[in-house]
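S.K.: following is a predicted model, sequence given first.
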Amino acid sequence: MKYLDEYRDPGLAESLAAKIWQVSTRKVSFMEFCGGHTVTIARYGIESLLPAQVRLLSGPGCPVCVTPMKLIDRMIALASQPEIIVTTYGDMLRVPGSSTSLAFERGRGADVRIIYSSYDALEIARNTPGRQVVFFGIGFETTAPATAAAVLKARELDLDNFSVVSAHKTTPAIIKALLDTEELELDGLICPGHVSVITGTAPYIYAAEKRGVACVISGFEPVDVLQSVLMLVEQVENVNAQVEIQYRRGVRPAGNEKARRMMDEVFRPADSNWRGIGVVEGSGLAIREEFSKWDALARFPVEVPETDEPTGCICGRILRGVASPSECALFGKSCTPATPVGACMVSSEGACQAHYRFGRTHLRTP
Amino acid sequence: MCLGIPGRVEEIDGTIAKVRFGDLLRKTSLDLLGEDVSVGDYVIVHAGFALERIDEDEAHKTLQMLKEISDLEVS
């Protein structure tokens, strides 16, 4: 398919890798923020093409992985109410709460439906007037505008049996929080391409200008990622940290202003809890007061007990980029994609599941 | 999660387009797009919404640059 195949060309990938070997002289660590990049890197064995001194680390950009267990428990509690239909993207269904998952509860009769688009949830609400449709909105700036569009449409239609639980998160605050810890030493950031379609270059200015971290906004095909790694290596070698766009076919420097306006109309910045990381100031999106009619947590308050992360699971350290899945004692033993213990193994974009399915390792030595 | 797939706009009816991904044709909302698109344009689609029109010139430039790197490596 156009705009995909040409960025999977093995010859181009080989020559980019050769160029990286030629340019790279020092040990560097680059974090791929986004779970989509984690999958590309693992699936195509990108690391096996790189010199060992170029290290890639997974970051916190897997929305399924960072959604707190307590919120999953809340959704499960909502789904147990007969008047409520819970709708969400397929990725969320298998994520374990403290004792069960939405998928398991669906098997026991809860009305939980997988949707492709937030507008599908609106359609269900319009077609099921006697029941309440709650949309579990998760994701970063890529996905949040679609939730905002659904809320704005619900207002336009004056739909009173549709509401949203917002688990949306935003990139600038979490990037700052990670870089401001002492534990993470980072030379470069492979910045999320589809988040940046919406945000533009703004979320990475702090990293490049204040922390001297090289930043390249990358596409998701293997040639895109290799070109981004090359651009990062060149920035580091030239001691010239800045925000560059590799994914120029999709990302404009100012992003998509209309989508941001819609997002800002419906949501306000809020403190947000990241599974394995904790509460990060201003890193989430809450529904504004004037849209409280469509805020499911305001309309259907449910209380659930505090939760504890499973013993031995190091997802939190993996999401912060300070540990790799192979360092976890549970990895591949009690924790596998069929029987996940931590959230990083549940999501197909989680660092642990990508590591488990494809392996992630350097094959060459310098 | 933040998956975005490039597809070709085949039909436009108000703010709804039919977008082709290989053999698959999907109804796609244009509500988030800040600019007009025409039939034949490619868009990046995420969860049923077109997020951006693909810039053909930029795509071409990127490929040219990649080919130049590739040619240098071969020569």
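M.R.: Now that the structure is in, tell me what you want to look at. Note that the coordinates shown come from a computational prediction; the quantities given were computed from them, not determined experimentally.
S.K.: how far out from the middle of the chain is the lengthiest strand in chain B?
M.R.: Determined from DSSP state E, the single longest strand within chain B is strand B:5-13. In terms of Cα atoms, centre = their mean, to the nearest Å, the centre of strand B:5-13 is set 8 Å apart from its chain centre.
S.K.: just stretch A:287-297 next, same as before
M.R.: For stretch A:287-297, the distance to the chain centre is 24 Å (Cα atoms, centre = their mean).
S.K.: buried stuff in that stretch?
M.R.: Buried residues in stretch A:287-297, defined by neighbour count with 16 or more other Cβ atoms under 10 Å in any protein chain shown: A:I287, A:F291, A:K293, A:W294, A:D295, A:A296, A:L297. Glycine gets a C-beta too; all of them are placed from N, C-alpha and C.
S.K.: any weak-confidence spans in chain A?
M.R.: For chain A, the stretches flagged by pLDDT under 70 are A:361-366.
S.K.: and it, what are its domains?
M.R.: A:5-52+A:171-245, A:65-170+A:255-299 (automatic domain parsing).
S.K.: which among the ones you listed is found nearest to B:A17?
M.R.: domain A:65-170+A:255-299 (13.0 Å; Cβ to Cβ).
S.K.: how about the residue in chain A that chain B sits nearest to, phi and psi?
M.R.: Using Cβ to the nearest Cβ, A:S117 is the residue of chain A that sits closest to chain B, at 2.6 Å. Note on A:S117: backbone dihedrals following degrees, to the nearest 10 are phi -140, psi 150.
S.K.: which residue packs closest to it, ignoring adjacent ones?
M.R.: B:G48 (2.6 Å; Cβ to Cβ, 6 or more residues apart in numbering or on different chains).
S.K.: go on, A:A17?
M.R.: Nearest to A:A17 is A:L49, by Cβ to Cβ, 6+ apart, at 3.9 Å.
S.K.: I'd guessed the one you found sits against A:V223; true?
M.R.: No: in this structure A:L49 lies outside contact range of A:V223 using Cβ atoms under 8 Å: 11.1 Å.
S.K.: which residue does chain B bring closest to chain A?
M.R.: Closest point on chain B to chain A, by Cβ to the nearest Cβ, is B:G48, at 2.6 Å.
S.K.: pLDDT score assigned to that residue?
M.R.: The model reports B:G48 with a pLDDT of 97.
S.K.: that one: how many residues sit nearby?
M.R.: For B:G48, the neighbour count with other Cβ atoms under 10 Å in any protein chain shown is 19.
S.K.: okay, now A:R131: neighbour count?
M.R.: By other Cβ under 10 Å, 16 other residues sit near A:R131.
S.K.: run the chain-centre distance for stretch A:165-177.
M.R.: 9 Å.
S.K.: actually, stretch A:339-351.
M.R.: On Cα atoms, centre = their mean, the centre of stretch A:339-351 falls 13 Å from that of its chain.
S.K.: list the contacts of A:G212.
M.R.: Contact analysis of A:G212 by Cβ atoms under 8 Å, 6 or more residues apart in numbering or on different chains lists A:A241.
S.K.: that one and A:S196, how far apart?
M.R.: Taken as Cβ to Cβ, to the nearest Å, the spacing of A:G212 relative to A:S196 amounts to 20 Å.
S.K.: pass me the low-pLDDT residue ranges in chain B, would you?
M.R.: Filtered on pLDDT under 70, chain B yields the residue ranges B:73-75.
S.K.: hang on, A:T25 in a helix?
M.R.: No: using DSSP: H, G, I helix; E, B strand; the rest coil, the secondary structure at A:T25 is coil, not a helix.
S.K.: give me the number of neighbouring residues for it.
M.R.: 11.
S.K.: next one: the closest residue to it other than its chain neighbours from A:K27, what distance?
M.R.: Leaving aside its sequence neighbours, A:T25 sits nearest to A:E237 (Cβ to Cβ, 6+ apart; 6.4 Å). Going from A:E237 to A:K27 by Cβ to Cβ gives 12 Å.
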